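J.: Fold the following and give me the result.
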Amino acid sequence: MKTGRIVRVATNPKHGTFGTLVLEGQPLCNTLEPYSRDNAVGLSCIPAGQYIMEPQHSSTFGPGTYTVTEVQGRSYIRVHKGTYDSHTKGCIILGEKLGEINGEWALLSSGEALKEFKEKAAGEKILLTITEAY
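T.: Residues are numbered from 1 along each chain as shown. From the prediction side, this is the model:
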């Protein structure tokens, strides 16, 4: 099983929660999750802790979509592409760069980051640890 870590570095109720994804000890890309809303389904980031990420088929995102499992009271937490907090729907978005578009914090080059993540994850399960550094 591979190891991964999301280190959250900034959070804002309007713009979401931003972090860095480290896979097998190497920084890989940036992350965006919703702002913390007490683990509310579809509205909140995942509570800090340890989880399993595994590839599963998603009717929305296709085969090989990574899903974060073992989150109490939650399911279908996917890793996918997007730009803004409004795109997260309680999931994790990946991006190559942090930016701002029309005054809204954003992740840029999301498709490229997701592709690189899937290549490096290589279809293996990942033990994911989420921590907060703010």
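J.: give the contact list for Thr60.
T.: Shown in contact with Thr60 (CB atoms under 8 Å, 6 or more residues apart in numbering): Arg78. (C-beta placed from N, C-alpha, C; glycine too.)
J.: one more time with 6 Å, if that's ok
T.: Counting by CB atoms under 6 Å, 6 or more residues apart in numbering, Thr60 touches no other residue.
J.: Repeat that for Ile92.
T.: Neighbour list for Ile92: 31, 33, 79 [criterion: CB under 6 Å, 6+ apart].
J.: CSV please, covering the residues you listed and showing distance to Glu116, neighbour count and pLDDT.
T.: Shown next, in CSV, are the contacts of Ile92 (distance: CB to CB, whole Å; neighbours: other CB atoms under 10 Å; pLDDT from 0 to 100):
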residue, distance to Glu116, neighbour count, pLDDT
Thr31, 13, 25, 98
Glu33, 19, 23, 98
Val79, 12, 25, 97
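J.: Cys29 versus Leu128, what's the distance?
T.: Computed as CB to CB, to the nearest Å, the Leu128 to Cys29 distance reads 14 Å.
J.: Just checking: what are the partner strands of the least confident helix or strand in the chain by mean pLDDT?
T.: Ranked by mean pLDDT, DSSP states H and E, the weakest helix or strand in the chain is strand 62-69, scoring a mean of 93. With DSSP bridges as the test, strand 62-69 is paired with strand 49-58 (antiparallel), strand 77-80 (antiparallel).
J.: Can you tell me which of these is most buried?
T.: Highest mean neighbour count among these (mean count of other CB atoms under 10 Å): strand 77-80, with a mean of 22.
J.: ok now the helix or strand following that one, how far from the chain's centre?
T.: Once strand 77-80 ends, the next helix or strand along the chain (criterion: DSSP states H and E) is strand 92-95. Averaging C-alpha positions (CA atoms, centre = their mean, to the nearest Å) puts strand 92-95 5 Å from its chain's average.
J.: Tell me which residues of strand 92-95 come out buried.
T.: 92-95 (16 or more other CB atoms under 10 Å).
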